[in-house]
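In: next come a sequence and a model predicted from it.
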Amino acid sequence: MSKSEPEYIAVDKEQVEYLEQNYANAIGLFKEVSSAIVDQERKYLDGHQKYAEVVTQTIGVMAGFGFTAIGRAQSLVLFGLGELLMFASVFYSLYYGNERYRKTVDALNQSWHSSAKVLKPRVEYANELRVQAITEGRIPADAKMRIDELDANMLEKLTPPEPAPDDRLQDRTPIIILVAAVGIILILISFANPHVAVQ
């Protein structure tokens, strides 16, 4: 045997069963990671849809309030400005929610592709060993070392890094709430104190 040829060891029935189980475990891990990412996407989609429904209902309530109460406003300027701020906060909230959803789903998709690239060599090598053990009755002598290397690589690359502050989505919810609150205050002032506004 030349130095360039790999060394092999013979395997018995019990070892073949172990290799088949090892392959099944690798496939199971692949499916588990895929399922977890799909579940996350589904949760974000459901949450985004509920969020959009709530905001849309809020717009309807605000519009109804505006049409029924505009005749009682003592200051149309303050009333209109308040309504404008409330509508702006609602529409920006929709835009912000959609952006947040899109970026989250993009990040999940990227995570899936990265995970698949890491998991694929481990699954393929486990299958290669299984097939070789069944058809040839032997496997490379360094198979365990290779599996350990692939496992270590998976553990390292599948462990999510701590995100940098710039990578996190900034939470603009307090700003949205503040703008809406100012709008509500202006609307209330337009009813209660007509002397502070231009008619």
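Out: Looks like it arrived, so ask away.
In: am I right that Ile139 is in a strand?
Out: Yes: secondary structure of Ile139, determined by DSSP: H, G, I helix; E, B strand; the rest coil: located in a strand.
In: how about the contacts made by it?
Out: Ile139 makes contact with 8-9, 11, 19, 129, 132-133, according to Cβ atoms under 8 Å, 6 or more residues apart in numbering. Just so you know, the C-beta spots here come from the backbone N, C-alpha and C atoms, and that holds for glycine as well.
In: run the last query once more with 7 Å
Out: With contact taken as Cβ atoms under 7 Å, 6 or more residues apart in numbering, Ile139 is in contact with 8-9, 11, 129, 132-133.
In: show me the residues you listed that map onto helices.
Out: Those of those mapping onto helices are 129, 132-133, per DSSP state H.
In: rebuild those residues as JSON lines, extending it with distance to Val38 and pLDDT.
Out: Written out in JSON lines, the entries for the ones in helices among the contacts of Ile139 read as follows (distance: Cβ to Cβ, whole Å; pLDDT from 0 to 100):
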{"residue": "Leu129", "distance to Val38": "29", "pLDDT": "89"}
{"residue": "Gln132", "distance to Val38": "33", "pLDDT": "90"}
{"residue": "Ala133", "distance to Val38": "33", "pLDDT": "88"}
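In: now list the buried members of these.
Out: In terms of neighbour count (16 or more other Cβ atoms under 10 Å), the buried residues within the ones in helices among the contacts of Ile139 are 129, 132-133.
In: and which of the residues you listed is nearest to Leu119?
Out: Of all those, the one sitting nearest Leu119 is Leu129; the distance, using Cβ to Cβ, is 15.9 Å.
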